[in-house]
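**Q** Give me the fold of what follows.
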Amino acid sequence: GNCIYLYERECSIQRRNQKVVEEAPSSFLTPEVRKAMGEQACQLARAVNYQSAGTVEFLVDSQMNFFFLEMNTRLQVEHPITECITGVDIVDEMLRVAAGYPLSYTQSDIGIKGWAVECRVYAEDPVRYLPSIGLLTKYTEPTVEHNNSQLGVR
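**A** Next up is the predicted model:
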């Protein structure tokens, strides 16, 4: 089968092991490191005969050496920012593969078009710095082009 990589999502800004800001592509990586990481991810997927969408996580040091951390064998909640920069509908491709069809793309079809960011806004007790519930009294939807806000408030 065919294996492609959809570049990377940078998630260095975290709080209590939860991603707070995620961007794609990373503003830190060079094209050469980006390609090497993607090729390593595909090599891993082939080695274990993995046949669906997955996320291979790497840690990158200040000299741009990268180290395997884990592979998530599922679609991650942050996948829309990858779709934004690649134009690939990841869910559609997962369903095609599950139905026995080949991927619609080869690696040469995939490029990076633009930049996307995902931010999680959550409630926190400002005194104890712990997650907290509370009453949301005002929310203003961002008014930028290509905004994809997903509000989890009733």
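**Q** for the chain, what spans make up the strands?
**A** 10-15, 18-24, 55-60, 66-72, 116-119, 124-125, 130-131 (DSSP state E).
**Q** List the pairing partners of the last one within its sheet, with orientation.
**A** Here strand 130-131 is paired, per DSSP bridges, with strand 124-125 (antiparallel).
**Q** What lies in contact with the partner strand?
**A** With contact meaning Cβ atoms under 8 Å, 6 or more residues apart in numbering, strand 124-125 is reached by 130-132. No exception for glycine: its C-beta is placed from N, CA and C like everyone else's.
**Q** can you check stretch 59-79 too?
**A** 9, 11, 19, 22, 28-30, 33, 36-37, 40, 44-45, 50, 52-58, 90-91, 94, 118.
**Q** List buried residues within the residues you listed.
**A** Among the contacts of stretch 59-79, the ones that count as buried by 16 or more other Cβ atoms under 10 Å are 9, 11, 19, 22, 29, 33, 37, 45, 50, 53-56, 90, 94, 118.
**Q** Most widely separated two among those residues?
**A** Greatest spacing in the buried ones among the contacts of stretch 59-79, by Cβ to Cβ: V33 and M94 (26.8 Å).
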